[in-house]
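Visitor: The sequence isn't on hand, but the structure is:
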């Protein structure tokens, strides 16, 4: 089945130690998104890619970076995690021009910062 | 700009009860409307969708009708089960805009046996 995969499902890091979360998709969608979600709140969009074009949200901290080496993969880098960065990180994809423009979400990575 | 206002929770129900979660929206263009469900510890799953006025989305016994005159997309299920316990998010995507999703705050639903 076509899907969005996130690894790892659970990640523990130390305060200030860089961490990378990964996302891959077999849907061949050209748009990929990264969200941060805290405590069953609504997901907050951090940034997204239209193909290779990177679009950062205005209020996304500089501590968060992203890479998309090809259509299938996208990475979220947190350069110096703080305690406030502990959250669920969700990756999603969509196909530009699709009728509904629905987004397909991965299972998420739960990040713990010690 | 676009926004979604969703009924606040938490909502606690008994099995076989009727569930309604209200959702209203504001959009500058012609939005598609969605309900996503998030089970504990999981990502978001699309529950149902509608793209134009009077469309009814349905899935797993849940229904929602796109009401343009009241700018609403209320979620309903006639008989809930314990397995329906989850957080429900109403969302819109404005196809004349930037294709981002605008989410409501989410409603936590707990169904007791």
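Guide: Nice, thanks for sending it over. Since the model is a prediction, treat every value here as computed from it, not as a measurement. Numbering: from 1, shown residues only, chains lettered A, B, ... in the order given.

Visitor: burial count for the residue lying closest to residue A:67 once chain neighbours are set aside?
Guide: Distance criterion C-beta to C-beta, 6 or more residues apart in numbering or on different chains; nearest residue to residue A:67, sequence neighbours excluded, is residue A:75 at 4.6 Å. C-betas here are computed from N, CA, C, even on glycine. The tally of other residues near residue A:75 (other C-beta atoms under 10 Å in any protein chain shown) stands at 16.

Visitor: Check which helices and strands the helix or strand in which residue A:75 is found sits against.
Guide: Using DSSP states H and E, residue A:75 sits within strand A:73-78. Applying 3 or more C-beta pairs under 8 Å, 6 or more residues apart in numbering or on different chains; DSSP states H and E, one finds that strand A:73-78 contacts strand A:19-25, strand A:31-37, strand A:64-67, strand A:87-94.

Visitor: mind checking which of those is nearest residue B:32?
Guide: Comparing these by their distance to residue B:32 (C-beta to C-beta), the top pick is strand A:87-94, with 11.0 Å.

Visitor: Distance check, the residue nearest to residue A:67 against chain B.
Guide: In this view, residue A:75 and chain B are 17 Å apart by C-beta to the nearest C-beta, to the nearest Å.

Visitor: Close to chain B: what parts of chain A are there?
Guide: Within chain A, the positions near chain B by C-beta under 8 Å from any C-beta of the partner chain are A:4, A:6, A:31, A:40-43, A:45, A:48, A:90, A:92, A:94, A:96, A:99-108, A:110.

Visitor: Drop anything exposed from those residues.
Guide: By neighbour count, with 16 or more other C-beta atoms under 10 Å in any protein chain shown, the residues of chain A next to chain B hold A:4, A:6, A:31, A:40, A:42-43, A:45, A:48, A:90, A:92, A:94, A:100-108, A:110 as buried.

Visitor: Correct me if wrong: the residue nearest to residue A:67 contacts residue A:21.
Guide: Yes. Using C-beta atoms under 8 Å, residue A:75 is in contact with residue A:21, at 6.9 Å.

Visitor: Would you mind giving the helices and strands packed on strand A:73-78 as CSV with mean pLDDT and distance to residue B:43 added?
Guide: Shown next, in CSV, are the helices and strands packed on strand A:73-78 (pLDDT from 0 to 100; distance: least, C-beta to C-beta, whole Å):
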stretch, mean pLDDT, distance to residue B:43
strand A:19-25, 97, 11
strand A:31-37, 95, 9
strand A:64-67, 96, 18
strand A:87-94, 96, 6
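
Visitor: To residue B:60, which of these lies closest?
Guide: strand A:87-94 (20.8 Å).

Visitor: which residue sits closest to the residue nearest in space to the middle of chain A, ignoring its sequence neighbours?
Guide: When chain A is reduced to its mean C-alpha position, the nearest residue by C-alpha atoms, centre = their mean turns out to be residue A:34, at 2.8 Å. Among residues not flanking residue A:34 along the chain, residue A:46 sits closest, at 4.6 Å (C-beta to C-beta, 6+ apart).

Visitor: next one: residue A:16
Guide: Counting by C-beta to C-beta, 6+ apart, residue A:16 lies nearest to residue A:80, which is 5.0 Å off, once chain neighbours are set aside.
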